[in-house]
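A.B. asks: got a predicted model here, sequence first, then my questions.
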Amino acid sequence: MLRHPAHLIALGFGSGLSPRAPGTAGTLWAWLVFVLLQPWMNDLRWLLLMLVCLPLGWWACSVTARNMRVLDPGSIVWDEVVAFWLLLWLVAPSGWMAQLAAFALFRFFDAVKLGPVAWADQLFHGVDPHTDRRAWIKAGFGIMLDDLIAAACAALPMIAWRLA
């Protein structure tokens, strides 16, 4: 993890190294960091953080996947981190129970991969790193994309519930 800065980011500062459910561990780490950052953040700061973390994550996931020689390693969790931050920001302000509901919905859509999440997950799994020189860039994008769509799927019922 410490051999390259991209690995530290992609592995969620170690949360992705959990032997059980690394995606859940990464999402829990994201939740903790969100709660710790929240007192200093406003919408503009969250937006700026997302605008930095999305391309940074794409780069980190691409580099780490390439170095691991796996198109979508389970230990890469930066996609969960950024997607869950985005989801929590979209449903803010919200209390602990609403955040727990967001966590459960996000983990459900990310794990079960229904509809558009499954489509995004499979989009770049067929790239061949031996014949496609941009395969790892595509893999990094695919790693990020399915979790962003899972966050969007989780946001829909959360937003509908808030509007009701």
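C.D. replies: The structure has been received and is ready for your questions.
A.B. asks: residues contacting His4?
C.D. replies: Contacts for His4 were tallied using CB atoms under 8 Å, 6 or more residues apart in numbering; they are 63-64, 67. Where you see a C-beta, it was placed from the backbone N, CA and C, and this is true even at glycine.
A.B. asks: quick one: contacts for Leu114?
C.D. replies: Counting by CB under 8 Å, 6+ apart, Leu114 touches Cys153.
A.B. asks: return the distance of Arg45 relative to Leu148.
C.D. replies: 20 Å (CB to CB, to the nearest Å).
A.B. asks: between the contacts of His4, which has the most around it?
C.D. replies: Thr64 (28 neighbours; other CB atoms under 10 Å).
A.B. asks: what about that one, which helix or strand?
C.D. replies: Assessed by DSSP states H and E, Thr64 sits inside helix 43-68.
A.B. asks: packing partners of that helix?
C.D. replies: Helices and strands touching helix 43-68, by 3 or more CB pairs under 8 Å, 6 or more residues apart in numbering; DSSP states H and E, are helix 5-10, helix 78-90, helix 135-163.
A.B. asks: lowest mean pLDDT across the ones you listed, which one is that?
C.D. replies: Note on the helices and strands packed on helix 43-68: lowest mean pLDDT is at helix 135-163, with a mean of 91.
A.B. asks: flag the shaky bits of the protein, pLDDT-wise.
C.D. replies: 1-2 (pLDDT under 70).
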